[in-house]
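>>> output the structure for:
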Amino acid sequence: MQYRDYENEKSDRRKGVEEFYRTNHINQTYDYVQKLRKEYGQLNRCEMSIWEACELLNEFVDESDPDLDEPQIEHLLQTAEAIRRDHPNEDWLHLTGLIHDLGKVLLHPKFGALPQWSVVGDTYPVGCAFDENIVHHKYFKENPDYNNPKYNTRLGVYSEGCGLDSVAKENKTTLPSPALFIIRYHSFYDSNSDCTLHLQFHNK
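Numbering: from 1, shown residues only. This next block holds a predicted model:
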């Protein structure tokens, strides 16, 4: 399995990707995330079908990804088709591949036109110390939370053993638990542990 290579000198996108993460790491604070959770938790922005939402992603290229430079709708379709090829009898997994990056609709004006640093990229916990395995970790030193004693310890605002299930709200989806796990954490860096959860799909 190939993972993203953020240090590849041959990548024309490398400098732009690093600048993306610099901005992301400086601005993604605990307070900022809580503000957006409250705002978007109201689910009052827009209502449309899944395919209509997918079509919105035809307008965006993920600035955080050094490997992919096509519109995001192509990435969704390639992922779904690759999964269908390898797992033809798992229809729930085909759907999961199609919608795994659908949250990027938050870039679109219909959903608030958030900046890319606020929406895309590998994700990580806020409210606790930033793990050194997170890509371009050095830029966290400019994040206000970095030196805040409330947030810069191993556990921060969390309790020992709280688990990933404690940070995700339940909903009425009929998708199985593994699908929700993939969607929520497919590019998630698990802070302060011995493993990094990185289930990013790559289809070249």
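>>> could you look up the SS state of the residue in the chain sticking out farthest from the centre?
Distance from the centre of the chain peaks at N89, with 27.0 Å (CA atoms, centre = their mean). Look at N89: counting by DSSP: H, G, I helix; E, B strand; the rest coil, its state is coil.
>>> now do the contacts for it.
N89 makes no contacts at all, as judged by CB atoms under 8 Å, 6 or more residues apart in numbering. Yep, even glycine has a C-beta here, placed from its N, CA and C like the rest.
>>> so what does it look like in phi/psi?
Main-chain dihedrals, N89, degrees, to the nearest 10: phi -100, psi 0.
>>> just for the chain, where's the confidence low?
Residue ranges of the chain with pLDDT under 70: 1-12, 164-171, 189-204.
>>> the helices in it, which residues?
Counting by DSSP state H, the chain has these helices, from start to end: 14-27, 30-40, 50-56, 72-86, 91-99, 116-119, 177-185.
>>> so which of those helices comes closest to N152?
Each of the helices of the chain has some distance to N152 by CB to CB; the shortest is helix 30-40, at 10.5 Å.
>>> now the closest one, how far from the chain's geometric center?
15 Å (CA atoms, centre = their mean, to the nearest Å).
>>> okay if I get the helices of the chain as JSON lines plus distance to L106?
Formatted as JSON lines, those follow (distance: least, CB to CB, whole Å):
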{"stretch": "helix 14-27", "distance to L106": "14"}
{"stretch": "helix 30-40", "distance to L106": "7"}
{"stretch": "helix 50-56", "distance to L106": "10"}
{"stretch": "helix 72-86", "distance to L106": "12"}
{"stretch": "helix 91-99", "distance to L106": "14"}
{"stretch": "helix 116-119", "distance to L106": "5"}
{"stretch": "helix 177-185", "distance to L106": "14"}
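>>> output those helices as TSV; include the columns mean neighbour count and distance to P144.
TSV is the format used below for the helices of the chain (neighbours: other CB atoms under 10 Å; distance: least, CB to CB, whole Å):
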stretch	mean neighbour count	distance to P144
helix 14-27	18	9
helix 30-40	13	8
helix 50-56	15	32
helix 72-86	17	30
helix 91-99	18	33
helix 116-119	19	15
helix 177-185	15	25
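>>> closest one to K150 among those helices?
Here helix 30-40 is closest among the helices of the chain (CB to CB), at 8.3 Å.
>>> what's in contact with the closest one?
106, 112, 114, 118, 126-127, 145, 151, 156-157.
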